[in-house]
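*Asks:* Provided below are the primary sequence and the corresponding predicted coordinates.
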Number of protein chains: 2
Amino acid sequence: MSDIRQLALQCRDAAQQLAQLSTEERSTLLRSMADALEADADGILAANAQDLQAARDKGVGSAMLDRLALNPERLRGVADALREVAALPDPVGEVTRDYARPNGIRVQKVRVPLGVIAMIYEARPNVTADAAALCIKAGNGVILRGGSEAIHSNTTIAASLKRALREAGVADAALTLVEDLRRETMLELLQLNDIIDLAIPRGGEGLIRFVAEHARVPVIKHYKGVCHLYVDDSADLQLAVDLLIDGKTTRPAACNSLETLLVHADIAPRLLPLAAAALRERGVELRGDAASQALLPGITAATEDDYAAEYLDLILAIRIVPDMAAAIAHIQTYTSDHTEVIATGNGAHGEAFVRALRSAVVMVNASSRFSDGGELGLGAEIGISTTRLHSYGPMGLEALTVERFVVRGEGQVRHRPH
Amino acid sequence: MSDIRQLALQCRDAAQQLAQLSTEERSTLLRSMADALEADADGILAANAQDLQAARDKGVGSAMLDRLALNPERLRGVADALREVAALPDPVGEVTRDYARPNGIRVQKVRVPLGVIAMIYEARPNVTADAAALCIKAGNGVILRGGSEAIHSNTTIAASLKRALREAGVADAALTLVEDLRRETMLELLQLNDIIDLAIPRGGEGLIRFVAEHARVPVIKHYKGVCHLYVDDSADLQLAVDLLIDGKTTRPAACNSLETLLVHADIAPRLLPLAAAALRERGVELRGDAASQALLPGITAATEDDYAAEYLDLILAIRIVPDMAAAIAHIQTYTSDHTEVIATGNGAHGEAFVRALRSAVVMVNASSRFSDGGELGLGAEIGISTTRLHSYGPMGLEALTVERFVVRGEGQVRHRPH
């Protein structure tokens, strides 16, 4: 048996122990994990310094160095995040349906852990603790495969967390860090569909495509967020500009930021000059169709590629549409199934927009930047799904469980014995 | 573009139309589909006669001929099943969560259709109508790829159903029957992960493994059902025997039939002679461990393979266990994650059994034969899942939808503009 298969089997066995813990026992375990991180802070920061030095020696860019870097304050933040997860409501055991059948059997649907979750991620060492905490809170074993840049940080963080597991009487294989970072080992991990219940890749589009293309285990993925704001003719101008500025400029690199503005032709002459002034003040480059170029002289022409682009940058594509149906048709063509927003003063238009679109999150008069696990009240986010299976949109603890059936009777049978 | 890709894209576009129909419009459509089948009965039965003749010429066995055969009564049954699906509650639009956030935005989780579902199945022509009805009821497009034995029957059934779609103003590609039955075309279909949201294979283990191994689209699958009955020392003897007889003998070829009996050592001397008499009377062969052989002289010795087997036949494996923990450990080793049953007079034991096991269906004092969509009150069953993702256990209409987020606000933004 290969090493990685052996590790995965041990994780599965440990996950069965974890699933037997009570809600309170799992919460206590998470708080101990937070304490362990703080107790081991010196060792973790020293290991992180080693990773940072190696990254600097390799000439890694400053954005990547920043993602990799831990300091006492950030580490305290990681520990506090674990305590927050500990305090979240437990999805395990939740009864989502409860009814009796005519023959008297009582049927419940009850949430159980998925089993074993593989997290595949890149440089951020905090993911090691965050993802482990969410998986364990929901009673799952977790196999962590982080990036090579963070290997020393990840190893020491995992060692701390594993100590807390052992002290709680759980086999520490419930949290398994893959230290063999060869590509073929990751490929082998992604083939273990008799052991691993779900893989969640987190990182750039390249990583996600690699995982999705090579996995035989189920994968929940999120390629990109081409989020649209449609401004209806009935919209309040200031409200529309507020949503636009919040959605485009407050964190352009986030997947829930806006990429395309669609404007009803009747409101465009009033909205666009106002919007353009506010956007340009914040350094946003505008690219528009012929009609918006006519209203905003000097802006670049938008191409087909612009409407398909996830800029992740201070660039906005604009199109003027004759009516809401045209806005919906545009979104259906270019959607990444992430988040779409309508600004409207007409309730019926808002509801028609919601009904017409099947993206993971559809909003009426609210910023696309709320399309986030924390903002939507999920408590924490393990990832986001833009595929319509199991979970769709921001994923919290509930997405790490599945509903199964529990039936209680008094000896009912389907056919009386003859 | 390949033909099958073209067909799938047309199905996806038609599915968007379907998703826009109201509950009542989709119900009416299903009733029209039932009427169309009855109106076209002569043509369908003639096509079926052609399939039956070809199968007889190929020397196909009688069980397969029976699965393939339609007659006026069976066809009326198929049409009536469509009317029953029409009458089921609509899962689309169901609001499963509804809450406000501190900033005043209102968040709902609402069920939407999955999109496009590919059904891969074998000889039974009724699946063509049943599966299409369930997918369409839940607002999904459906691509049907049936077996070559039923191709004439399937083609005429699909033509009827498509006429009803057109008459309802929906592009008939919403129901697409794949008539090109080459294996490479099925392989290509299973790669279309940018178009198809879910594949559901229905048939023998060989078909399911083929689909699972070659698919790049998500697959919900069910390999086998090794269902266990554990008889606790506190169980009522007659109740335990009733569950055993119902679970083993009423339809041994069903996946929810029992394969293994685990008996607490303290009740075994009273239970086993009673059970063996009832089972033997119904022609069941018994295979046991040494302890049960001692109580039931003459029975065959059970091997490791017996405990892993899904007999689908009148054979039962027996093991005597010292306590419930040993029964649970046995089940955890051999489970197919389908259905497990405890017969007990002790409520706490029943609850501990439920908690310890994570199979799709766990029952206390009820027959494993209730592990079925109809019996559990789902109204109809599109399939059964033994993988813990999206859906687990018998799958009804709800499993053909996914929950997404709808957010309504009054202009809330995440960061006030500065």
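*Replies:* Yes, it's here.
*Asks:* which bits of the stretch 251-400 of chain A sit near chain B?
*Replies:* A:278, A:332, A:343, A:350, A:354-356, A:358-367, A:369-371, A:375-377, A:387-394 (C-beta under 8 Å from any C-beta of the partner chain). The C-beta positions use only the backbone N, C-alpha and C, and glycine is treated the same way.
*Asks:* Give me the below-cutoff pLDDT ranges for chain A.
*Replies:* A:416-418 (pLDDT under 70).
*Asks:* can we see that at 50?
*Replies:* Applying pLDDT under 50 to chain A flags the ranges A:417-418.
*Asks:* the domain parsing of it - what is it?
*Replies:* What automatic domain parsing lists as the domains of chain A is A:3-220+A:394-406, A:227-370.
*Asks:* Run through who's touching the helix or strand containing A:Val85.
*Replies:* A:Val85 is part of helix A:72-87, with elements assigned from DSSP states H and E. Identification of contacts with helix A:72-87 by C-beta atoms under 8 Å, 6 or more residues apart in numbering or on different chains yields A:27-28, A:30-31, A:33-35, A:37-38, A:41, A:44-45, A:70, A:126, A:129-130, A:133-134, A:137, A:379-380.
*Asks:* Give the ChimeraX command for selecting the buried subset of those residues.
*Replies:* The buried subset of these, as determined by 16 or more other C-beta atoms under 10 Å in any protein chain shown, is captured in ChimeraX by this line:
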select /A:27,30,31,33,34,35,37,38,41,44,45,70,126,129,130,133,134,137,379,380
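*Asks:* circling back to that earlier point, and the next helix or strand past the helix holding A:Val85?
*Replies:* Using DSSP H and E, the helix or strand that directly follows helix A:72-87 along the chain is strand A:95-100.
*Asks:* Name the strands paired with that following strand and say parallel or antiparallel.
*Replies:* Sheet partners assigned to strand A:95-100 using DSSP bridges are listed as strand A:106-113 (antiparallel).
*Asks:* residues of the strand it pairs with that come out buried?
*Replies:* For strand A:106-113, burial by neighbour count (16+ other C-beta under 10 Å) applies to A:107-113.
*Asks:* who touches that strand?
*Replies:* Contacts for strand A:106-113 (C-beta under 8 Å, 6+ apart): A:15, A:18-19, A:91-101, A:138-140, A:398, A:400-409, B:358, B:376-377, B:388, B:392.
*Asks:* Stretch A:322-336 too?
*Replies:* If you take C-beta under 8 Å, 6+ apart as the criterion, stretch A:322-336 is touched by A:223-228, A:230, A:232, A:260, A:262, A:264-265, A:307-308, A:310, A:319, A:321, A:340, A:349, A:352-353, A:356-357, A:359, A:386, B:16.
*Asks:* Give me the buried entries from these.
*Replies:* Neighbour counting by 16+ other C-beta under 10 Å classes A:223-228, A:230, A:232, A:260, A:262, A:264, A:307, A:310, A:319, A:321, A:340, A:349, A:352-353, A:356-357, A:359, A:386, B:16 among the contacts of stretch A:322-336 as buried.
*Asks:* Among these, which are located in helices?
*Replies:* Secondary structure assignment by DSSP state H places A:307, A:349, A:352-353, A:356, B:16 of the buried ones among the contacts of stretch A:322-336 in helices.
*Asks:* Pretty sure A:Arg319 sits against A:His264.
*Replies:* No - between A:Arg319 and A:His264 no contact is recorded; they are 10.8 Å apart, counting by C-beta atoms under 8 Å.
*Asks:* For PyMOL, write the select line for the buried members of the contacts of strand A:106-113.
*Replies:* This is the PyMOL syntax for the buried subset of the contacts of strand A:106-113, where burial follows 16+ other C-beta under 10 Å:
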select buried, (chain A and resi 15+18+19+91+92+101+138+139+140+398+400+401+402+403+404+405+406+407+408+409) or (chain B and resi 358+376+377+388+392)
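*Asks:* List the residues that contact A:Ala118.
*Replies:* By C-beta under 8 Å, 6+ apart, the contact list for A:Ala118 reads A:142-145, A:189-190, A:196, A:198-200, A:217.
*Asks:* Surely it is in a helix?
*Replies:* No - counting by DSSP: H, G, I helix; E, B strand; the rest coil, A:Ala118 is not part of a helix but strand.
*Asks:* Tell me the residues on the stretch 1-150 of chain A that lie near chain B, please.
*Replies:* With the criterion set to C-beta under 8 Å from any C-beta, the stretch 1-150 of chain A comes near chain B through A:16, A:19-20, A:99, A:101, A:105, A:107, A:112-115.
*Asks:* Between the residues you listed, which sits nearest B:Gly204?
*Replies:* Nearest to B:Gly204 among the residues of the stretch 1-150 of chain A next to chain B is A:Gly115, at 25.9 Å by C-beta to C-beta.
*Asks:* burial of the residue nearest to that closest one when sequence neighbours are not counted, as a residue count?
*Replies:* Leaving aside its chain neighbours, A:Gly115 sits nearest to A:Asp197 (4.0 Å; criterion: C-beta to C-beta, 6 or more residues apart in numbering or on different chains). By the criterion of other C-beta atoms under 10 Å in any protein chain shown, A:Asp197 has 22 neighbours.
*Asks:* Next: A:Pro72.
*Replies:* Neighbours of A:Pro72 (other C-beta under 10 Å): 12.
*Asks:* so how far is A:Ala131 from it?
*Replies:* Using C-beta to C-beta, to the nearest Å, one gets 22 Å for the distance from A:Pro72 to A:Ala131.
*Asks:* Now for A:Val217, how many residues are close by?
*Replies:* 21.
*Asks:* isn't it right up against A:Leu192?
*Replies:* Yes - at 6.4 Å, A:Val217 and A:Leu192 qualify as touching, with contact defined as C-beta under 8 Å.
*Asks:* what's the first-to-last distance across stretch A:183-196?
*Replies:* End-to-end span of stretch A:183-196 (C-alpha to C-alpha, to the nearest Å): 18 Å.
*Asks:* just how off-centre is it within its chain?
*Replies:* Relative to the chain's own centre, stretch A:183-196 is displaced by 22 Å; criterion: C-alpha atoms, centre = their mean, to the nearest Å.
*Asks:* Pull out the buried positions in that stretch.
*Replies:* Buried positions in stretch A:183-196, judged by neighbour count with 16+ other C-beta under 10 Å: A:185-186, A:188-192, A:195-196.
*Asks:* How about stretch A:159-168?
*Replies:* A:159-165, A:168.
*Asks:* my guess is A:Gly169 is in a strand, correct?
*Replies:* No - going by three-state DSSP, the assignment for A:Gly169 is coil, not a strand.
*Asks:* Would you mind listing the residues in contact with it?
*Replies:* Here A:Gly169 is in contact with no residue (C-beta under 8 Å, 6+ apart).
*Asks:* hey, which strand is longest across chain A?
*Replies:* strand A:401-412 (DSSP state E).
*Asks:* by how many degrees do it and strand A:106-113 diverge?
*Replies:* For strand A:401-412 against strand A:106-113, the angle by axes from the mean of the first three to the mean of the last three C-alpha atoms, to 10 degrees is 150 degrees.
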